[in-house]
Each structure stands twice: as C-alpha cells, then as structure tokens.
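In: My questions are about this predicted structure, shown below with the sequence.
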Amino acid sequence: MDELPTRDRLIFAAMKLFGEKGYLSTSVQDILREAGANAGSLYHAFPTKQDVLLAVLDLYRQGIAPMLLAPAWEGVEDPIERVFALLGAYRTRLEITDCLYGCPIGSIALELHEPDPPVRDLLSVNFDGWVDHVEACFVAAGERLPADLDRRQLAVMTLTIMEGGVMQSRTHRTLQAFDQSVAGLRDYIDRLERAAAVERHQNTAHGRPS
C-alpha cells in the first residue's frame with residue numbers, strides 16, 4: 001500500500017478500519033497510523049473524518065462490480081444461480097472470519113443512527129446499486145419466473161435476506177441463520193419457477209404466447 005498516493009492509502013486504511021472497528025470507534029489517529037501518513041496529509045485531502053467516510057462509501061459504490069460481483073460470478077452464467085453465488089460470497093466471508101464479517105454498508109447504516117444527508121445518500125446509492133444488479137439477474141431469467149412478478153421487489157427482498165442473515169449469524173456466531181435465510185429464498189424462487197412453468201404450459205395449451 002506504500003506505493004499508492006497518500007489519499008488512496010488513507011481511503012483504504014479507513015475502509016479496513018471501519019470494517020474491523022466501525023466508523024465511530026475508528027479515530028483519525030487510527031487512520032493515520034494504518035496509512036502511514038501524517039495529519040497534514042489527511043486534512044489536506046479530507047477536511048473532516050466524515051469526508052473520509054464519504055470517500056470510502058464512494059469507493060464501495062465504484063467497486064461493487066470489480067470487487068464483489070466479478071469474483072462471485074466468475075464461471076457462473078445462469079442468472080438465478082448468479083444471485084445465489086453472490087450470497088455464497090457473503091457466506092464465505094462469514095465462514096473465514098468465524099462469523100465476524102459484516103456487510104460494510106449495512107454495518108455503517110446500522111451504526112449511524114441518523115447519518116447526515118450526504119452519508120445517507122451514499123449509503124442509499126450503495127444499496128440501490130446492489131439491488132440493481134440482482135434485479136438484472138431476475139430480469140435476465142425471463143420466462144423462468146412468472147410474468148407478473150415484481151423483479152425489483154424480489155431483489156430488495158434478497159438484499160434484506162442477506163443483511164438479516166449476516167446480522168443474525170454475527171450475533172449467534174454460527175452460519176445457521178444465514179443458511180436458513182438463503183434456503184428460504186431458494187425455496188421461494190423454486191416455487192416461482194414452478195409456477196412460471198405451469199403458466200407457460202397453460203398458455204401453450206390455450207394457444208397463447210408465453
């Protein structure tokens with residue numbers, strides 16, 4: 001990390017510390033120490049600690065595709081399986097941290113009881129970006145899902161299942177809650193696929209386009 005520009009070192013250091021300790025428990029001195037930078041460098045780039053947080057949230061926004069989706073979706077072409085591969089990536093992070101991992105956006109959203117509008121806006125953008133990608137998977141599934149299904153709503157529900165599963169698994173220090181949550185989603189989507197298959201069969205039988 002020493003080869004990075006100072007501003008980038010500060011952002012990556014803050015990202016690491018906010019994930020490990022939380023935003024409120026991370027001091028400016030913690031960030032400086034982790035980044036190997038001095039106070040002048042930080043305040044030149046970021047007038048306040050909140051400005052560091054905004055830069056971190058913007059980096060998460062930019063990084064959702066290369067840092068999260070691309071590794072999770074490598075070799076996975078089926079759009080519905082991509083959704084479960086993404087959830088599987090979160091499970092892996094929980095597993096390798098003994099259930100200490102928390103979704104960084106979800107953790108910050110919970111930690112900051114009433115964040116300032118710029119922070120809340122970037123948290124919202126991050127959540128919406130996640131939902132956009134999952135919704136695109138459900139849209140790509142086409143007629144495998146019922147025609148009248150609100151795919152945006154299903155994507156929002158998927159995010160809620162992921163965040164809730166992570167939160168409960170962190171609390172109980174076991175993967176059981178996360179696995180049960182994902183299994184419930186899998187069962188629901190399986191039922192949707194079966195309903196869509198019946199719908200296609202009925203349309204075919206009555207000469208209607210599927």
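Out: Yes, it's here. Every value quoted in this text rests on a predicted model; they were computed, and no experiment measured them.
In: Longest helix in this structure, please.
Out: Scanning the chain for the longest helix, with DSSP state H as the assignment, gives helix 176-205.
In: buried sites along that one?
Out: Neighbour-count burial for helix 176-205, counted by 16 or more other Cβ atoms under 10 Å, picks out 177, 178, 181, 182, 185, 189, 192, 196, 199, 200. (Each C-beta comes from the backbone N, C-alpha and C, glycine too.)
In: Which parts of this structure are helices?
Out: With DSSP H, the ranges of helices along the chain come out as 6-21, 28-35, 39-45, 49-63, 70-73, 79-96, 104-111, 117-140, 151-172, 176-205.
In: Quick check: nearest residue in space to the residue most central in space within the chain, chain neighbours excluded?
Out: The centroid of the chain falls nearest to residue 130 when counting by Cα atoms, centre = their mean (5.6 Å). Spatially, and ignoring its direct neighbours in sequence, residue 130 is nearest to residue 159 (5.8 Å; Cβ to Cβ, 6 or more residues apart in numbering).
In: try residue 156
Out: Nearest one to residue 156, counting by Cβ to Cβ, 6+ apart, is residue 131 at 5.6 Å.
In: Do I have it right that the one you found meets residue 155?
Out: Yes - counting by Cβ atoms under 8 Å, residue 131 touches residue 155, with 4.6 Å between them.
In: I'd like the domain boundaries of the chain, if you could list them.
Out: Listed by automatic domain parsing, the domain ranges of the chain are 1-47, 56-205.
In: first to last residue in the longest one, what's the distance?
Out: Going back to what we said before, that points to domain 56-205. With Cα to Cα, to the nearest Å as the measure, the first residue of domain 56-205 is 55 Å from its last.
In: looking only at pLDDT, what's the mean for that domain?
Out: Domain 56-205 carries an average pLDDT of 95.
In: Just to check, the residue nearest to the centre of the chain is in contact with residue 163?
Out: No - contact between residue 130 and residue 163 fails when scored by Cβ under 8 Å: they sit 9.7 Å apart.
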